[in-house]
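**Q** turn this into a model:
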Amino acid sequence: MANHVSALKRVRQTERRTTVNRSNKSRVRGSLRALREAIQKGDLKAATEQYEATASALDKSVQKGVLHANTASRYKSRLNARVKALASKKSV
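**A** Numbers count the residues shown, from 1 in each chain. From the prediction side, this is the model:
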C-alpha cells in the first residue's frame, strides 16, 4: 500500500483515469460491434449511419489517448471498405 501523500494521490488519479479509459474503450467497442452487425445484416442505410458514428467515436478515442491514431485510421479504412463493398453488392 502507498505510504506517501504523493503515492496516495497517484493511486486516486490512476483509479479515476482507469474508469474514464474503460468507459471510452467500451463506447468504441460498442460502436464497432453495432457497425459490424449492420454490415452483417446487409442494411446499407444503417451501416452508413453507424459508420459515421463509429468514425467519430474512433476519432474521439484518439483525442483522449485511448487508441493510437494509426490504429483508429486502420479501423476506419477497413470498415469503410466493408461498407463500400456492401453498397456495391446492393447496386449490382
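
**Q** sticking with the spatially most central residue of the chain, tell me its helix or strand.
**A** Most central in the chain under Cα atoms, centre = their mean is Val28, positioned 2.6 Å from the mean C-alpha point. Taking DSSP states H and E as the criterion, Val28 maps to helix 5-41.

**Q** next, the angle from the following helix or strand past that helix to helix 5-41.
**A** Next in sequence after helix 5-41, counting helices and strands by DSSP H and E, comes helix 44-63. On the basis of axes from the mean of the first three to the mean of the last three Cα atoms, to 10 degrees, helix 44-63 is oriented at 160 degrees to helix 5-41.

**Q** so what pLDDT did the closest residue to Arg82 other than its chain neighbours get?
**A** The spatial neighbour of Arg82 that comes closest, neighbours along the chain excluded (Cβ to Cβ, 6 or more residues apart in numbering), is Ile39 at 5.3 Å. Where you see a C-beta, it was placed from the backbone N, CA and C, and this is true even at glycine. What the model reports for Ile39 is a pLDDT of 94.

**Q** one step back: who's in contact with the residue nearest to the centre of the chain?
**A** Ala57, Leu58, Ser61, Val66, Leu67 (Cβ atoms under 8 Å, 6 or more residues apart in numbering).

**Q** just Gln40 next, same as before
**A** Per Cβ under 8 Å, 6+ apart, neighbours of Gln40: none.

**Q** with the one 10 residues further on instead?
**A** The neighbours of Gln50, taking Cβ under 8 Å, 6+ apart as the test, are Ser31, Ala34, Leu35, Ala38.

**Q** again, 7 Å this time
**A** Ala34, Leu35, Ala38 (Cβ atoms under 7 Å, 6 or more residues apart in numbering).

**Q** count of neighbours near the last one?
**A** Residue crowding around Ala38 was assessed by other Cβ atoms under 10 Å; the count is 21.

**Q** between the contacts of Gln50, which sits nearest Arg12?
**A** Nearest to Arg12 among the contacts of Gln50 is Ala34, at 33.8 Å by Cβ to Cβ.

**Q** just the buried positions in whichever strand or helix holds Arg82, please.
**A** Arg82 belongs to helix 69-91 when assigned by DSSP H and E. Under the neighbour-count criterion of 16 or more other Cβ atoms under 10 Å, helix 69-91 has Ala72, Tyr75, Leu79, Val83, Leu86 buried.
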